[in-house]
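Trainee: Let's see this in three dimensions:
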Amino acid sequence: MELRIDRQAMVPVVQQIVDGLTDWITQDQVPPATRLPSVRQIARCNLLSQSCVLEACERLVAQGLLASRQGAGFMVAAALPVCCKALGACGGDAESHWRVAGVERASGLTLGSGVLPQSWREPDDLSYAIREVARTDMASLFSYGTPLGLPALREQIIKRLKLLGIEAGEDQVLTTAGASHGLDLIVRTLFKAGDCVVVETPGYAPLFDLLRLHGVRMLEVRRTPSGPDTEALEALLGQFRPKALFINSHHHNPTGSCLLPVVAQRILQLSKTYDLQLIEDDVYADLHNGSGTRLAALDDDERVIYVGSFSKTLSSSLRAGYVVAGSALIARLARVKMITCVGTSRFSEAVLASLLASGAYRKLVQRQRQRLNVDRAAALQILEDAEWEVFGKPTSGLFIWARSPLADDARVRSQAQRYGVQLSHATAFSPSGETSDWQRINVAYACDSRARQFFRSTAVDRPQAF
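Mentor: Got it, this is the predicted structure:
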């Protein structure tokens, strides 16, 4: 059993063993009760220590993928966890359970998933922080949170914002139960039914649903590889005078594109001219390589509301995010937060604050970025070999936006189904429900054998030029 361990990677060896064994079980559809080679054999074949292999196997027993019997070693569990049977390597996410968010609900590889695979998650540091908070912070176990959020967490967020060039005071940061909660608070507080805002197309489907829920009208501006089409945006602003623009600056969902400085400056100029509020959703910020341009870092008159989250990197279940804005607006958002949900989880915020303060979170995202860099380069090469058209060729982040050379979209989807691959719905990322043959590709899934087979199956021979 070859596990392909990379000793130069920042991912711990034990986690790589867990990932390799998980892939072997789920992708090869290994029958239940199949006995694994002995720990000694696996260690010898892969030049590993037996203790690392044993620890990885014990983790998989805890996850329900393996079972163990005294004197018989490890074997594939008789009944795999539901997430593994439905989504391969436990790749479920909130978006994949909603048609509108862009992913089919049938079983298979969720190529258009909006989050990292479950197999990429690293539970050790998170588990340790949970135990420590439960042991040492009784108030976090039983008490309500404060309106603005746990002071220790807000202090850590402010420090992280400085690394992005964003200055914020203690009264300018509000914690939320993820970015979706933050967006909901903003929409509830600033807009009423009949108001008009600008959204990017393609764009984030749950945002469109949120705006529809509150009766807010949407104007569409096309997303380009460098950001929104500013000429089209100016035309919309002049004609309709919308109240706000919702924008992804970095690793735009679904195209993966990033905002260029010249476009950012132009958007800020337009916001001043037309009295436009800018809502900057930056939930994938920690997956970015190097520096980048953010509207909140360039803002000098509180026109930008900045939304962040730790759900995409640390845990989708922990539900921890934040909003950064002027102190007066933060006070209004905090009031709505207390009316609608009393407060966010003090326990979750204490766990996150611990991980940030210890440096564990910083090391985690460094490992994630490294893995994504490797998989992204491989995915782009796979797409090039299969003659797929790629939008902007992203250099970091989670997504690639691409389309098949096949003109027949039904044939593309048929091929995907044949190889056990789930694609985004054709209307998933359009505010108006317009169909598209472009696909959101999660680079963490794109190198899976099923995805490789699917991409190869869509390649077509180019006609010879005469």
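Trainee: So what touches stretch 402-415?
Mentor: With CB atoms under 8 Å, 6 or more residues apart in numbering as the test, stretch 402-415 has contacts from 383, 386-391, 423, 426, 435, 437-439, 441, 454, 457-460. No exception for glycine: its C-beta is placed from N, CA and C like everyone else's.
Trainee: From those, list just the buried residues.
Mentor: 383, 386, 388, 390-391, 423, 426, 438-439, 441, 454, 457-458 (16 or more other CB atoms under 10 Å).
Trainee: Now do Cys83, the pLDDT please.
Mentor: We have a pLDDT of 47 for Cys83.
Trainee: for Gly92, same thing?
Mentor: On the pLDDT scale, Gly92 is placed at 42.
Trainee: Would you check which pair of the buried ones among the contacts of stretch 402-415 lies furthest apart?
Mentor: Across the buried ones among the contacts of stretch 402-415, no pair lies farther apart than Phe391 and Ser457, at 21.4 Å, counting by CB to CB.
Trainee: circling back: which among the buried ones among the contacts of stretch 402-415 gets closest to Leu276?
Mentor: Checking those against Leu276 by CB to CB gives Phe391 as the nearest, at 25.9 Å.
Trainee: could you say which helix or strand contains the nearest residue to that closest one once chain neighbours are set aside?
Mentor: Nearest residue to Phe391, sequence neighbours excluded (CB to CB, 6 or more residues apart in numbering): Trp401, at 3.9 Å. Using DSSP states H and E, Trp401 falls within strand 399-403.
Trainee: cool, Gln370 as well?
Mentor: helix 360-385.
Trainee: Would you mind pulling up the elements that that helix packs against?
Mentor: Applying 3 or more CB pairs under 8 Å, 6 or more residues apart in numbering; DSSP states H and E, one finds that helix 360-385 makes contact with helix 123-136, helix 346-358, strand 389-390, strand 399-403, helix 443-446, helix 449-458.
Trainee: average model confidence for that helix?
Mentor: According to the model, helix 360-385 has a mean pLDDT of 93.
Trainee: Tell me the gap between it and the middle of its chain.
Mentor: On the basis of CA atoms, centre = their mean, to the nearest Å, helix 360-385 is displaced by 13 Å from the centre of the chain it belongs to.
Trainee: any idea how far Ala451 is from Ala378?
Mentor: Distance of Ala451 to Ala378, computed by CB to CB, to the nearest Å: 11 Å.
Trainee: Output the helices and strands packed on helix 360-385 as JSON lines; include the columns distance to Gly64.
Mentor: Below are those laid out as JSON lines (distance: least, CB to CB, whole Å):
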{"stretch": "helix 123-136", "distance to Gly64": "14"}
{"stretch": "helix 346-358", "distance to Gly64": "24"}
{"stretch": "strand 389-390", "distance to Gly64": "37"}
{"stretch": "strand 399-403", "distance to Gly64": "30"}
{"stretch": "helix 443-446", "distance to Gly64": "22"}
{"stretch": "helix 449-458", "distance to Gly64": "22"}
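Trainee: For Ala232, which of those is the nearest?
Mentor: Closest to Ala232 of those, according to CB to CB: strand 399-403, at 18.6 Å.
Trainee: before we move on, back to that, any chance of the buried ones among the contacts of stretch 402-415 in CSV, with distance to Leu237 too?
Mentor: Shown next, in CSV, are the buried ones among the contacts of stretch 402-415 (distance: CB to CB, whole Å):
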residue, distance to Leu237
Leu383, 36
Ala386, 40
Trp388, 35
Val390, 31
Phe391, 25
Leu423, 35
Ala426, 30
Trp438, 26
Gln439, 31
Ile441, 32
Phe454, 42
Ser457, 45
Thr458, 40
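Trainee: any idea which of these is closest to Phe347?
Mentor: Ile441 (35.7 Å).
Trainee: and the closest one, how far is that from Gln70?
Mentor: Per CB to CB, Ile441 is found 45 Å from Gln70.
Trainee: cool, Asp300 as well?
Mentor: From Asp300 to Gln70 the distance is 68 Å (CB to CB).
Trainee: what do you get for Ala386?
Mentor: In terms of CB to CB, Ala386 sits 49 Å off from Gln70.
Trainee: hmm, back to that, quick check, nearest of the buried ones among the contacts of stretch 402-415 to Cys57?
Mentor: Phe454 (31.1 Å).
Trainee: I'd assumed Gln417 was in contact with the closest one.
Mentor: No: the pair Phe454 / Gln417 is not scored as a contact, 9.3 Å apart, by CB atoms under 8 Å.
Trainee: Mind jotting down where the helices sit in the stretch 151-300 of the chain?
Mentor: Ranges of helices in the stretch 151-300 of the chain, per DSSP state H, counting those that start in this stretch, are 151-163, 179-190, 205-213, 230-240, 261-273, 295-298.
Trainee: could you dump those helices to TSV with mean pLDDT, distance to Gly397 and mean neighbour count?
Mentor: Compiled in TSV, the helices of the stretch 151-300 of the chain are given as follows (pLDDT from 0 to 100; distance: least, CB to CB, whole Å; neighbours: other CB atoms under 10 Å):
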stretch	mean pLDDT	distance to Gly397	mean neighbour count
helix 151-163	94	17	17
helix 179-190	96	15	22
helix 205-213	94	18	18
helix 230-240	96	22	16
helix 261-273	96	17	17
helix 295-298	94	17	21
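Trainee: okay if I get these as JSON lines plus distance to Lys363?
Mentor: Listed next are these as JSON lines, based on distance: least, CB to CB, whole Å:
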{"stretch": "helix 151-163", "distance to Lys363": "14"}
{"stretch": "helix 179-190", "distance to Lys363": "23"}
{"stretch": "helix 205-213", "distance to Lys363": "30"}
{"stretch": "helix 230-240", "distance to Lys363": "38"}
{"stretch": "helix 261-273", "distance to Lys363": "30"}
{"stretch": "helix 295-298", "distance to Lys363": "24"}
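Trainee: Which among these is found nearest to Val323?
Mentor: The nearest among those, by CB to CB, is helix 179-190 at 4.5 Å.
Trainee: elements contacting the closest one?
Mentor: strand 173-176, helix 205-213, strand 277-281, strand 304-309, strand 321-324, helix 327-341.
Trainee: How about residues contacting the first one?
Mentor: When contacts are taken as CB under 8 Å, 6+ apart, the neighbours of strand 173-176 outside the stretch itself are 145, 148-150, 153-154, 157-158, 161, 182, 185, 320-325, 330, 333-334, 337, 344, 349.
Trainee: So, low pLDDT: which residues of this protein?
Mentor: Applying pLDDT under 70 to the chain picks out residues 10, 79-107, 460-466.
Trainee: what residues are up against the residue nearest to Phe391?
Mentor: With CB under 8 Å, 6+ apart, Trp401 has these contacts: 202, 254-257, 390-392, 438-441.
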